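task: produce atomic coordinates for the following.
(chains A and B)
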Amino acid sequence: MADDPLRETVLHATHVSLDARMVPFAGYDMPVQYEGILAEAKAVRTMAGIFDVSHMGRFFASGPHARALLDWVHTADVGESMPVGRARYGLLCNENGGIIDDGIVYRLGGDRYMLIANAANAVKIYAWLERWRDERFADINLTNDTEHIAMIALQGPKATAIAAEVSDFDPQILRPFRIAELTVAGKPVLVARTGYTGEDGVEIMPESRDAPALWALLMEHGATACGLGARDTLRLEAGLLLHGSDMDETINPMEAGLDRFVALDAGDFCGKPAVAAMAKDGPERRLAAFRMVERGALPRPHAPILADGAVVGQVSSGGYAPTLDTNIGLGYVPSRFATPEEALQIDVRGKILDARVTHLPFYARPR
Amino acid sequence: MPVPADRSYSKEHEWARVQDDGIICIGITEFAEHELGDVIYVDLPKQGTKVTQHLQMGEIESVKAVSELFAPVSGEIVEINSAVVSAPELVNEDPYDKGWLLKVKPADQAELGNLLDAAQYDSLTT
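Got it, this is the predicted structure:
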């Protein structure tokens, strides 16, 4: 697979024309930065930024058993009572309760749903949906529309104002974690009030061929082009986890601190017995969030975490938080060390630096 | 844009400029800071440390990468740029002037002959 050519989103030419620095990510040639990671992160926190997230998987399920299929694979309550136009974040687990992806499930209509998966897991998750449809839930029309529909995330304090300028978006009507079909530049477009930055904003899903014009329109209205580097910095500041780094198939949602996204009282889901057991017994290890005591070298992924003088874990995500002007990170440690104010140390390339466990999120936007 | 002609360069993208008093001022080139991206931490040796040409003397860290700093000349560190320590972004903003990193009292001026001149460095990076 190493020699497969990189895939491109429909916005690839746009990124290149903006002089983006391109890097491989999840098999795609993606922009890591344009102007610079810190400038882009600041733009999102103070104005508005746009991100090409078209590489993420977009799957649609419709039919009498579509709800049941999604309720089975997803830890959120995808019940009869989930309103049309609602979006719910949660996890997809294997039969052992290990997290195979995190993602948002959307109810688009009476029996029409959408699931958005991480780009790195898109193929795997679509195959997972097909497997359960074939094994258990008949009468479902399942489509992978990742190529046909693009996705642009518009995030920041000015994001909803820009969205209202270019469409019939109304922030009083499309409240957070809602989705609707709106009209943008005369075309019907799915718009969800969701995001991965900790700011207010929307994720806009035009047909692929309309994406470049929409990107240009958003930039004309003041949005700053932002890449994957800024995206990672912003999500870490906001305490949002990254599958593949902060959670994977060896991690149970309870260990990752994602209890509130698991509807244990709302019916069965794949992996429920293992998740419920750990909820009952309490996990032996937990994801701890920490801040470095002094500005210094960054606690990067895989750096050893020490407590009481011994290595007890490793950093899963870590780096500089420009909004806080401090260094932050995440990592699994034995549960007793995961309490806020606990002292930890991080071995950064041989230097032992002090850290302190803290609450998530590191940064919360002013409301 | 060609690099300043008033100094020498290492293959590891550092520059070394001889001051009137013979002290050598050291920094990294625009090529290096552009490759690194936003610099957020500079790890420099303390004043008084002896460094050796071409050996690692510190680290410079950006959001996305850690890069080793190599001594372009041997000698003793006589000053480090405290402005850069507290505002690492200076390295990106002004790598050839305000973003200087440290100053060395050279052990052997002849070592400058092991470095590249501006034209040679330019051809390395184009």
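
excluding its backbone neighbours, what's nearest B:Glu12?
Leaving aside its chain neighbours, B:Glu12 sits nearest to B:Phe70 (4.5 Å; criterion: C-beta to C-beta, 6 or more residues apart in numbering or on different chains). In short, each C-beta sits where N, CA and C put it, glycine included.

pLDDT score assigned to the one you found?
B:Phe70 carries a pLDDT score of 97 in this model.

any idea how far B:Lys11 is from it?
9 Å (C-beta to C-beta, to the nearest Å).

between these two, which one's more packed in?
The residue with more neighbours, out of B:Phe70 and B:Lys11, is B:Phe70; 18 against 14, by other C-beta atoms under 10 Å in any protein chain shown.

so who does the more buried one touch?
B:10, B:12, B:14, B:54-57 (C-beta atoms under 8 Å, 6 or more residues apart in numbering or on different chains).

do the same with A:Gly257
A:286-287, A:360.

same deal with A:Tyr106?
If you count contacts by C-beta under 8 Å, 6+ apart, A:Tyr106 has them with A:86-88, A:113-116, A:179, A:192.

which bits of chain A sit near chain B?
A:32-33, A:36-39, A:229, A:233, A:295-298, A:300, A:319-320, A:322, A:349 (C-beta under 8 Å from any C-beta of the partner chain).

again, only using 10 Å
A:21, A:23, A:32-33, A:36-41, A:228-230, A:232-233, A:295-298, A:300, A:319-320, A:322, A:325, A:327, A:348-349, A:351 (C-beta under 10 Å from any C-beta of the partner chain).

which of these fall in strands?
A:21, A:23, A:32-33, A:319-320, A:327, A:348, A:351 (DSSP state E).

among the residues you listed, the buried ones, what's the PyMOL command?
To isolate the buried subset of those in PyMOL, counting by 16 or more other C-beta atoms under 10 Å in any protein chain shown, use the following:
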select buried, chain A and resi 21+23+32+33+319+320+327+348
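
and which of the ones in strands among the residues of chain A next to chain B is nearest to chain B?
Using C-beta to the nearest C-beta, A:Tyr320 comes nearest to chain B of those, at 4.7 Å.

what's the closest non-adjacent residue to that closest one?
B:Ile40 (4.7 Å).

can you tell me the SS state at the residue positioned nearest the centre of chain B?
The residue lying closest to the centre of chain B (C-alpha atoms, centre = their mean) is B:Gly27, at 2.4 Å. Following DSSP: H, G, I helix; E, B strand; the rest coil, we place B:Gly27 in the strand state.

report the beta-bridge partners for it.
Note on B:Gly27: beta-bridge partners by DSSP bridges are B:Trp15.

could I get the contacting residues of it?
Going by C-beta atoms under 10 Å, 6 or more residues apart in numbering or on different chains, B:Gly27 touches B:7, B:13-17, B:33, B:69, B:72, B:81, B:84, B:90-91, B:94-102.

among these, which lie within strands?
B:14-17, B:69, B:102.

any low-confidence regions in chain B?
In the predicted model, chain B carries no residue with pLDDT under 70.

any idea how far A:Ala66 is from A:Arg133?
Separation of A:Ala66 from A:Arg133 (C-beta to C-beta) stands at 9 Å.

which one's more surrounded, these two?
Shown here are A:Ala66 and A:Arg133; by other C-beta under 10 Å, A:Ala66 has more neighbours (25 against 21).

now do the contacts for that one.
Counting by C-beta under 10 Å, 6+ apart, A:Ala66 has contacts A:60, A:78, A:107-113, A:133, A:137, A:139-142.

my guess is B:Ile40 meets B:Glu61, correct?
Yes: using C-beta atoms under 10 Å, B:Ile40 is in contact with B:Glu61, at 6.1 Å.

give the residues shared as contacts by the two.
A:297-298, A:319-320, B:88.

so A:Ala119 touches A:Ser54, yeah?
Yes: using C-beta under 10 Å, A:Ala119 is in contact with A:Ser54, at 8.9 Å.

more neighbours: these two, which one.
Between A:Ala119 and A:Ser54, counted using other C-beta under 10 Å, A:Ser54 has the larger neighbour count: 24 against 19.

surely that one meets A:Met151?
Yes: A:Ser54 is in contact with A:Met151 according to C-beta under 10 Å; the separation is 5.1 Å.

overlap in contacts of those two?
Joint contacts of A:Ser54 and A:Met151 (C-beta under 10 Å, 6+ apart) are A:9, A:11, A:205-206, A:208, A:211.

now, which of these sits nearest A:Gly239?
Within the shared contacts of A:Ser54 and A:Met151, the smallest distance to A:Gly239 is 25.4 Å, found for A:Met205 (C-beta to C-beta).

count the neighbours of that closest one for me.
Counted with other C-beta under 10 Å, A:Met205 comes out at 25.

which ones are touching it?
By C-beta under 10 Å, 6+ apart, A:Met205 lies in contact with A:53-54, A:58, A:114, A:116, A:145, A:149-152, A:179, A:181, A:184, A:189-192, A:211, A:214.

quick one: secondary structure of the closest residue to A:Glu237 other than its chain neighbours?
Nearest-residue entry for A:Glu237: A:Tyr363, 4.2 Å, with adjacent residues in sequence omitted and distances by C-beta to C-beta, 6+ apart. Secondary structure state of A:Tyr363, per three-state DSSP, is coil.

for B:Ile60, see how far away A:Tyr363 is.
26 Å.

between these two, who's got more neighbours?
B:Ile60 (23 against 19).

residues in contact with residue 92?
Unless you meant another one, I'm taking chain A. Counting by C-beta under 10 Å, 6+ apart, A:Leu92 touches A:70, A:72-75, A:99-103, A:105, A:115, A:117, A:121, A:124-125, A:128-129, A:243, A:269-271.

my bad, chain B
A:36, A:38, B:30, B:33-34, B:36-40, B:62, B:99.

let's see that with 8 Å instead.
A:36, B:33, B:36, B:38-39, B:99.

and the furthest pair within those residues?
A:Gly36 and B:Gly99 (15.0 Å).

give me the more crowded residue out of the two.
B:Gly99 (23 against 20).

quick one, grab the pLDDT at A:Ala138.
pLDDT, A:Ala138: 86.

span of stretch A:318-326 from start to end?
11 Å (C-alpha to C-alpha, to the nearest Å).

now B:Leu115. Nearest residue, chain neighbours left out?
Using C-beta to C-beta, 6+ apart, the closest residue to B:Leu115 is B:Ser8 (3.8 Å).

and the closest residue to B:Asp117 other than its chain neighbours, how many neighbours does it have?
In space, and not counting its chain neighbours, B:Asp117 is closest to B:Ser8: 6.3 Å by C-beta to C-beta, 6+ apart. Neighbourhood size, B:Ser8 [other C-beta under 10 Å]: 22.

number of residues surrounding A:Ile125?
22.

and it, that one's in a helix?
Yes: the assignment for A:Ile125 is a helix, going by three-state DSSP.

quick one: it from chain B, how far?
28 Å (C-beta to the nearest C-beta, to the nearest Å).
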